[in-house]
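Visitor: The following block contains a protein sequence and its predicted model.
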There are 2 protein chains.
Amino acid sequence: MKLLRNTLLETFVTVVECGGFTDAQYALGITQSAISIRIRDLETALGYRICERGRGGFRLTERGEIAYRKAGDILRSARDFDAELLELRGTITGDLRIGTVDAVNTLAELNLAQVLKRFLDRPNEVQLEVVVASPTELTQKLITGDLHVAIAPFRNQVSELTYTELCQEEHRLYCGRDHPLFDLPDDQIDLDVISEHQICQRSYNILVSPVLQTVHPKAVVANMEAMAMMIETGHYLGPLPVHFIETWAHRDRLRELAPDKLNWNSTFYLATRPSVVHRRAVEILVQDIIESCLSGE
Amino acid sequence: MKLLRNTLLETFVTVVECGGFTDAQYALGITQSAISIRIRDLETALGYRICERGRGGFRLTERGEIAYRKAGDILRSARDFDAELLELRGTITGDLRIGTVDAVNTLAELNLAQVLKRFLDRPNEVQLEVVVASPTELTQKLITGDLHVAIAPFRNQVSELTYTELCQEEHRLYCGRDHPLFDLPDDQIDLDVISEHQICQRSYNILVSPVLQTVHPKAVVANMEAMAMMIETGHYLGPLPVHFIETWAHRDRLRELAPDKLNWNSTFYLATRPSVVHRRAVEILVQDIIESCLSGE
DNA sequence: AAATTTACATTAAAACTTCTCATGTGAACA
DNA sequence: TGTTCACATGAGAAGTTTTAATGTAAATTT
């Protein structure tokens, strides 16, 4: 404990994230030589080399790789504990790391922007961080403590986390202006016709209608914006949340297909890791989110 | 994170444990004025007072109480993470906090002293700490991370921990030289006779024969030595582990009562909290303990 | 092949932090 | 009322960290 001070670990992590000493000096606000000395001290304390460096490029050693991950863990939990102590002061403080899937902003029932506004309107010294990722990644990040809360349509729920149902998201299938189906009358469109065309799917495949489950997707996309783009090419059909289209300026460039037969919902959940750290900031935000959804109904 | 350095928390925790600045200076190896400054800095950083101090005595404030517990948590996990990083060096290092119930030393099948000797004979930089407490307390301490491993006859096993069976401990009922039953011939002693006398029981009541379960205890004791003492007064009967008596110099001062009817076993377990931190030192010790028990049979 | 650039190491002196020593304060106690 | 105890304070000493300037070695360019 004498030698493994937080500054050393902080330096190490920043250097790794910056990919070398040169960039890290701006991130850390100290000179390159100070970094050099700190890394040397850390290596001396640990008793092994953590990274190869020099003109040949920056590279973690095998042990350095492990040390980097552990150091990140230490620092995150240190910051969380830190925030807990500071919260005894009265005002809410600390990091608050939120994860969502993309295109959450237009979810009217949830209205995340409004929730965050309300949260930040309070006297606070909170440092917000919002991460957008897939449900799988969000789950992982919650478990490791990378995130405090996450909002997503969690299909596979794990026992380490607690989930609160928030709202439903309605999806329909769309095609673009240049697609053969665009000008076909409604009564000529049915599932058989549709299934003859290629469908673009989300990479975490939770947003595909059960009806079309069997169709092998020809394109895969990790992002809602990208999905809309693929549909606009006129080469693919694709599912989109209704709320996403509703706030879309070029709404007329897309056409809903068989909205009465092809519409389905996904349920959004709020997920947290229970009681590892007891943070007022986290509690309050969770409360805010849940309340917003209840009143929105 | 800037201000809540580990030295400050370390100082705080030590001061609390020493009950004031004056004693803490020897524990910390710095002067009283340095401590005064550190506590002041910590309070400034936190923004609230953590302890009342002065001639009137040392006392934590309400917030200080909470902060103290959290600070202890931080330091323990910091030391554990620390040890993990150091173990990548090759030799085993760090704190190793072991808990047992009392009178484990004479458990021949386990032979804890021998196990610890073997463990410490390896090249190591481990700081051992052995805590003696009741099974309930040990369970608590394992869950919070206060302890890495514990050995006790765990009756109530909780899902947060993993248990490995180690060995059996045989118990019998004893009376002292001055007890009415001491000189009674064997054939006149049966359960009815015995149940007319007062029985001393362990405070965690896991060591009382099922046969005598109904008898309301008149004395309760938290420790094996104390149990022997109570029995020696001649006023109480009491259960003791056989191995405890066998290594007892004044063995003839006690008498076994109806050893054929009144003998029972408790099972000793090794308990750990699974995979929260991955420490070589912990793994090796656990391995040592289990091996010792397997070979001892 | 020489010159240049890049990325880090080294060093001495400056800047900053933390400690100690000596002394001060104020409450409790005799 | 004076003494003791437990901590606070302040000036200077000691120690630590940073900077600025320069060195080095590998990669790139010329």
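Guide: Nice, thanks for sending it over.
Visitor: what about stretch A:36-55 and DNA strand C, touching?
Guide: Yes. For stretch A:36-55, a contact with DNA strand C is found by C-beta under 7 Å from any atom of the strand, at A:36, A:37, A:39, A:40, A:53, A:54, A:55. For the C-beta atoms, the positions are set from N, CA and C on the backbone; glycine is no exception.
Visitor: residues in contact with residue A:68?
Guide: A:12, A:13, A:16, A:50, A:60 (C-beta atoms under 8 Å, 6 or more residues apart in numbering or on different chains).
Visitor: Between the residues you listed, identify the one with the most neighbours.
Guide: Within the contacts of residue A:68, residue A:12 tops the neighbour count with 26 neighbours, counted by other C-beta atoms under 10 Å in any protein chain shown.
Visitor: What subset of the residues of stretch A:36-55 next to DNA strand C is buried?
Guide: A:39, A:53 (16 or more other C-beta atoms under 10 Å in any protein chain shown).
Visitor: I'd like to know which of the residues of stretch A:36-55 next to DNA strand C are part of helices.
Guide: Assignment to helices by DSSP state H places the following of those there: A:36, A:37, A:39, A:40.
Visitor: Would you check how far apart residue A:150 and residue A:99 are?
Guide: From residue A:150 across to residue A:99, the span is 4 Å (C-beta to C-beta, to the nearest Å).
Visitor: hey, what's in contact with both of these two?
Guide: A:138, A:141, A:142.
Visitor: quick one: which of those is nearest DNA strand C?
Guide: Nearest to DNA strand C among the shared contacts of residue A:150 and residue A:99: residue A:141, at 27.8 Å, using C-beta to the nearest atom of the strand.
Visitor: who touches the residue lying closest to that closest one once chain neighbours are set aside in this structure?
Guide: Sequence neighbours aside, residue A:147 is the residue nearest to residue A:141 in space, at 4.3 Å (criterion: C-beta to C-beta, 6 or more residues apart in numbering or on different chains). Listed by C-beta under 8 Å, 6+ apart, the contact set of residue A:147 reads A:97, A:98, A:99, A:131, A:138, A:141.
Visitor: And the residues you listed, which of them are buried?
Guide: Buried, going by 16+ other C-beta under 10 Å: A:97, A:98, A:99, A:138, A:141, out of these.
Visitor: Secondary structure element for the nearest residue to residue A:133 once chain neighbours are set aside, which one?
Guide: Distance criterion C-beta to C-beta, 6+ apart; nearest residue to residue A:133, sequence neighbours excluded, is residue A:99 at 6.0 Å. Take DSSP states H and E as the rule and residue A:99 turns out to sit in strand A:92-100.
Visitor: and the longest strand anywhere in chain A, which strands flank it?
Guide: Ranked by residue count and defined by DSSP state E, the top strand of chain A is strand A:162-176. Its sheet considered, strand A:162-176 pairs with strand A:238-241 (antiparallel), strand A:254-257 (antiparallel), strand A:263-272 (antiparallel) by DSSP bridges.
Visitor: possible to save the ones you listed as CSV with distance to residue B:183 and mean pLDDT?
Guide: Below are the strands paired with strand A:162-176 laid out as CSV (distance: least, C-beta to C-beta, whole Å; pLDDT from 0 to 100):
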stretch, distance to residue B:183, mean pLDDT
strand A:238-241, 89, 90
strand A:254-257, 99, 91
strand A:263-272, 68, 91
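Visitor: wait, which of those is closest to residue B:116?
Guide: Checking the strands paired with strand A:162-176 against residue B:116 by C-beta to C-beta gives strand A:263-272 as the closest, at 41.1 Å.
Visitor: what does the stretch 51-200 of chain A put close to DNA strand C?
Guide: Proximity of the stretch 51-200 of chain A to DNA strand C, by C-beta under 7 Å from any atom of the strand, involves residues A:53, A:54, A:55, A:57, A:58.
Visitor: Could you tell me the model confidence score at the closest residue to DNA strand C within the stretch 101-250 of chain A?
Guide: Nearest residue of the stretch 101-250 of chain A to DNA strand C (C-beta to the nearest atom of the strand) works out as residue A:125 at 20.9 Å. Note for residue A:125: predicted pLDDT of 83.
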